[in-house]
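Trainee: Turn this into a structure:
(one chain, ligands or ions: 3)
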Amino acid sequence: MKIAVLPGDGIGTEIVAEAVRVLDVLDLKFEMETALVGGAAYEAHGHPLPESTLKLAKESDAVLFGAVGDWKYDKLDRPLRPEQAILGLRKNLGLFANFRPAICYEQLVGASSLKPELIAGLDILIIRELTGDIYFGQPRGRRTAVDGHFPGAEEAFDTMRYSRPEVERIARVAFEAARKRSKRVTSVDKANVLETFQFWKDIVTEVGKEYPDVELDHIYVDNAAMQLVKAPKKFDVVVTGNMFGDILSDEAAMLTGSIGMLPSASLNSSNQGLYEPSHGSAPDIAGKGVANPLATILSAAMMLRFSLNQPEAAARIESAVQQVLAAGLRTGDIWSEGTKRVGTREMGDAVVAAITKKTITG
Ligand SMILES: NC(=O)c1ccc[n+]([C@@H]2O[C@H](COP(=O)([O-])OP(=O)(O)OC[C@H]3O[C@@H](n4cnc5c(N)ncnc54)[C@H](O)[C@@H]3O)[C@@H](O)[C@H]2O)c1
Ligand SMILES: CC(C)[C@H](C(=O)O)[C@@H](O)C(=O)O
Ligand SMILES: [Mg+2]
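Mentor: Ligands and ions are numbered 1, 2, ... in the order given. Have a look, this model is predicted:
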């Protein structure tokens with residue numbers, strides 16, 4: 001089994017280093033090969049997703065990914081921007097099913113900006129479609145407006161689209177996932193305005209008939225954003241399109257205390273997967289050794305479970321994370337009065353220690 005390790009930019013290198021140490025200590029005999037991606041690859045090879053990196057990702061059983069991006073690349077032509085690397089990997093590997101579990105650990109109830117009673121015991125699974133929607137729709141670009149309020153003006157446009165098979169397969173992923181949980185799916189759309197999402201809603205409803213044991217409801221995305229902070233525990237499995245899923249998963253992250261706690265798995269139809277924290281390269285804290293590595297470490301656990309058939313090793317990581325939190329260790333993003341503030345490295349050390357059963361001191 002082979003893992004492609006792609007740390008990327010900013011805090012990506014810091015947090016992936018900790019996840020790799022955690023994998024190393026489990027001694028699972030996987031081959032790990034590291035490659036450049038994002039801004040780092042652009043600097044070295046002139047492209048954010050060099051052929052060699054894509055080839056490595058394709059021939060690996062799983063990809064462990066950090067994050068890409070930095071404000072300094074924002075003026076580059078779009079195909080050369082770091083973010084195109086993660087979009088290119090998703091597209092080229094066909095990683096259409098993105099799992100973003102938002103779980104509020106008991107110890108972090110006080111770290112969320114919401115009242116404890118709203119989030120204690122929270123366990124939501126956001127399933128985001130990842131290779132369609134306005135992210136990949138063509139045509140897109142700049143042109144001169146021919147109609148609208150300002151004919152003749154410069155304008156920009158993107159295309160929102162989904163095909164039937166794309167919606168059917170992500171709906172099935174959601175219903176199957178719900179069968180292993182509390183048998184409830186909420187589909188998030190904007191069918192009241194957008195034809196793409198009326199189509200989405202109709203197809204999810206049709207597929208739902210194949211799963212009579214799973215309760216399905218539909219909610220508009222604006223209401224979903226509100227309900228997520230009003231009564232988040234009403235949700236269980238949430239399925240939605242690429243853009244709404246991007247936004248709602250960042251929102252859900254804050255229910256768990258910090259975006260630094262939200263792992264993700266992006267799978268294709270042969271269970272090959274890319275595993276990454278849901279957050280970005282955090283240029284504001286990069287290089288300071290303060291980023292929370294737990295989302296990436298928990299992504300490595302998802303990798304062991306989903307792509308590498310090592311559920312016991314995955315459970316060891318998850319249990320180690322719980323122990324570290326129970327011992328009161330916190331990076332700055334989840335710190336609260338009475339807990340011990342630690343850096344990225346110390347947090348990684350503590351997870352490694354918990355796995356190897358050394359005493360953790362809070
Ligand atoms: N998959 C990816 O690679 C990915 C995802 C999101 C954003 N990005 C890119 O990252 C760059 C920064 O974007 P942004 O600032 O909008 O989002 P971000 O997720 O990088 O950061 C948002 C905020 O959360 C904080 N944060 C994020 N991860 C953290 C962690 N592990 N520990 C502690 N705090 C953390 C940051 O310090 C920042 O204040 C952009 O170039 C963006 O395109 C990449
Ligand atoms: C960096 C960007 C392309 C990416 C996305 O929008 O999908 C990120 O925000 C994410 O959530 O993984
Ligand atoms: Mg995002």
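
Trainee: tell me which element the residue in the stretch 151-300 of the chain positioned nearest to ligand 2 falls in.
Mentor: In the stretch 151-300 of the chain, the residue that lies nearest ligand 2 is Asp246 (4.4 Å; CB to the nearest ligand atom). No exception for glycine: its C-beta is placed from N, CA and C like everyone else's. Using DSSP states H and E, Asp246 sits in helix 242-255.

Trainee: For that helix, list every residue counted as buried.
Mentor: Of the residues in helix 242-255, Asn242, Met243, Phe244, Gly245, Asp246, Leu248, Ser249, Glu251, Ala252, Ala253, Met254, Leu255 count as buried by neighbour count, 16 or more other CB atoms under 10 Å.

Trainee: what about whatever residue of the stretch 1-150 of the chain ends up closest to ligand 2, distance to ligand 1?
Mentor: The nearest approach of the stretch 1-150 of the chain to ligand 2 comes at Glu83, 4.1 Å away (CB to the nearest ligand atom). To ligand 1, Glu83 is 5 Å away according to CB to the nearest ligand atom, to the nearest Å.

Trainee: At which residues are the helices of the stretch 151-300 of the chain located?
Mentor: 164-179, 195-208, 221-230, 242-255, 294-306 (DSSP state H, counting those that start in this stretch).

Trainee: who in the chain is up against ligand 2?
Mentor: Glu83, Ile86, Leu87, Asp246, Ser278, Gly280 (CB under 6 Å from any ligand atom).

Trainee: The first one and Gly69 touch, don't they?
Mentor: Yes. Counting by CB atoms under 8 Å, a contact exists between Glu83 and Gly69, whose distance comes to 5.6 Å.

Trainee: what is in contact with these two at once?
Mentor: Gly38 (CB atoms under 8 Å, 6 or more residues apart in numbering).

Trainee: Same list, the buried residues of helix 242-255, but as CSV with distance to ligand 1 and pLDDT please.
Mentor: What follows is the buried residues of helix 242-255, written out as CSV (distance: CB to the nearest ligand atom, whole Å; pLDDT from 0 to 100):
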residue, distance to ligand 1, pLDDT
Asn242, 13, 98
Met243, 13, 98
Phe244, 16, 98
Gly245, 13, 98
Asp246, 8, 97
Leu248, 14, 97
Ser249, 10, 94
Glu251, 12, 94
Ala252, 13, 93
Ala253, 9, 89
Met254, 10, 89
Leu255, 15, 91
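
Trainee: looking at the helices of the stretch 151-300 of the chain, which is buried most?
Mentor: Among the helices of the stretch 151-300 of the chain, the stretch with the highest mean neighbour count (mean count of other CB atoms under 10 Å) is helix 294-306, at a mean of 26.

Trainee: Mind giving me the packing neighbours of that helix?
Mentor: On a contact count with 3 or more CB pairs under 8 Å, 6 or more residues apart in numbering; DSSP states H and E, helix 294-306 meets helix 11-26, strand 62-67, strand 265-267, strand 273-275, helix 311-326, helix 344-355.

Trainee: helices and strands around the fourth one, which ones?
Mentor: Put plainly, it is strand 273-275. So strand 273-275, by 3+ CB pairs under 8 Å, 6+ apart, packs with strand 62-67, strand 265-267, helix 294-306.

Trainee: got JSON lines for the ones you listed, with mean pLDDT and distance to ligand 1 too?
Mentor: Formatted as JSON lines, those follow (pLDDT from 0 to 100; distance: least, CB to the nearest ligand atom, whole Å):
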{"stretch": "strand 62-67", "mean pLDDT": "98", "distance to ligand 1": "4"}
{"stretch": "strand 265-267", "mean pLDDT": "98", "distance to ligand 1": "10"}
{"stretch": "helix 294-306", "mean pLDDT": "97", "distance to ligand 1": "6"}
